[in-house]
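> need the 3D shape of this:
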Amino acid sequence: MEPKKSILDYLTLGTLEAIFDSYCTDYEGICIAINDMDENIIIARNFHTICSNFHRANPETEKLCIECNKYITTFLETNDYIEYKCKNGLVDIAFPLIVEEQRIGTFYIGQVFVEGDQKTQFQQSGIFKSGEIN
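Below you'll find the predicted structure:
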């Protein structure tokens, strides 16, 4: 069996950083990320503070993030893309990264609230101080 390939077998991290930094200057507030096939984040930009400071920092909600990413990865084995509302209330769009007919990871874009009152609910919950959620 051929070993798993990574996007880093094709592009350097520096190249990915340059691409992501260029993109993110035009689309502030929308997260973009690439995960490898084991759900490790290879690179991410504009990661929302609610994700990094709460969802990914809290073991219970981080488990939900990992479950969602695994679901997305499995779904993309037989589909071209997915729009998915995570169990923590944010929406991502994801599609598989395929090189030479081998899946090497997942590209994510999103981490957005689509229901206007979700962000307000998090702010009013007292978990965050004013201004901590972007």
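> now the strand or helix carrying residue 18: buried residues?
Counting by DSSP states H and E, the element that carries residue 18 is helix 13-26. Buried residues in helix 13-26, counted by 16 or more other C-beta atoms under 10 Å: 16, 20, 24. Every residue, glycine included, has its C-beta placed from N, CA and C.
> can you list the weak-confidence ranges in the chain?
Low-confidence segments of the chain (pLDDT under 70): 1, 25-28, 115-134.
> part of a helix, is residue 50?
Yes. Residue 50: assigned to a helix according to DSSP: H, G, I helix; E, B strand; the rest coil.
> surely residue 84 is in contact with residue 72?
Yes. Taking contacts as C-beta atoms under 8 Å, residue 84 lies within contact range of residue 72: 5.8 Å.
> okay, and the common contacts of these two?
92, 94 (C-beta atoms under 8 Å, 6 or more residues apart in numbering).
> who has more neighbours, those two?
residue 72 (23 against 18; other C-beta atoms under 10 Å).
> that one against residue 93, yeah?
No. Judged on C-beta under 8 Å, residue 72 makes no contact with residue 93 at a distance of 9.8 Å.
> now do the shared contacts for the two.
82, 84, 108.
> show me where this structure has helices.
Along the chain, the stretches classed as helices by DSSP state H are 13-26, 49, 59-75, 117-124.
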